[in-house]
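J.: My questions concern the predicted model and sequence given below.
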Amino acid sequence: MITHKVRGTVYGVVLNDHASVRKIGAALQDAPYKGAPKAPAMYLKPANTHAACGAAVALPRGAASVEVGATLGLVLGRAAARLSRDEALGALAGIVLAGDLSLPHDSYYRPAIREKCFDGALPLGSVQPLVDLAALVLTTEIDGQIAQQRSLADLVRDPAQLLADVSEFMTLAQGDVLLVGVSYQAPQAAVGSRVKISAEGVGSLEFSITAPEGVPA
């Protein structure tokens, strides 16, 4: 079993599942973009966001809740550029469960740095061997209750196609991680909540949400 930690750059994408595209609806036609993305819409989760399984994630001051974007990370086993769809998954060292946390926000039309890049905003599990991704279902539990279940079968770009499309315009380094996408307006966890993200054959990732240091819970 592979159990090492993520050490590379972590990239995320939005609007990569059909449910989110349907949910955001006509707003995709508004300015400035006036249409759904033609290529992966990406962002970074920098090193300060990375947290281990079991972490207590303190929200920024003024925040009372956080969106829990359960997702899966594709961990690169070698440098990858201009991969074809057929060879894309062969470039992987494994996969990792991730809780891509975001402060609630409605618009993707400007970089959501404060909302997506606060300290601890990306709890990560340990890297695990590749499994059948098409059949994988991610389950999010908040305080012991199922808040969401999402299947990777609903992705607009499945993992192989996403890797091929991203590596077409940028080189991914060994150890980098490409998150396959989060749900638009994902379930929210409040201060004091305990969160568990799991998938059969991949294991589970657990963490808690706390108040900022010096602020009563």
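T.: On my side now, so go ahead. Numbering: from 1, shown residues only.

J.: From the rest of the structure, what touches the helix or strand of the chain with the lowest mean pLDDT?
T.: The element with the least model confidence among the helices and strands of the chain, by mean pLDDT, DSSP states H and E, is helix 18-24, at a mean of 83. If you take C-beta atoms under 8 Å, 6 or more residues apart in numbering as the criterion, helix 18-24 is touched by V14, L15, L28, A36, R150, D154, L155, V156, G181, S183, Y184, Q185. C-beta here means a position set from N, CA and C on the backbone, and glycine is covered the same way.

J.: Sketch out the low-pLDDT regions of the protein for me.
T.: Scanning the chain with the threshold set as pLDDT under 70 gives 1-4, 26-37, 105-111, 213-217.

J.: for it, what spans make up the strands?
T.: Taking DSSP state E to define them, one finds strands in the chain at 10-14, 41-45, 50-52, 56-58, 65-76, 92-102, 122-124, 137-142, 145-151, 177-179, 188-190, 194-199, 203-210.

J.: Select, out of the ones you listed, the one closest to K116.
T.: With C-beta to C-beta as the criterion, K116 lies closest to strand 92-102 of the strands of the chain, at 4.9 Å.

J.: re earlier: can you give me how far the least confident helix or strand of the chain is from the chain middle?
T.: 16 Å (C-alpha atoms, centre = their mean, to the nearest Å).

J.: Buried residues of it, list them for me.
T.: Neighbour counts over helix 18-24 (16 or more other C-beta atoms under 10 Å) mark S20, V21, I24 as buried.

J.: any idea how far P104 is from the first one?
T.: Read it as S20. S20 sits 15 Å away from P104, taking C-beta to C-beta, to the nearest Å as the criterion.

J.: go on, the second one?
T.: Distance check for V21 against P104: by C-beta to C-beta, it reads 19 Å.

J.: now swap in the last one and tell me
T.: I24 is 14 Å from P104, where distance means C-beta to C-beta.
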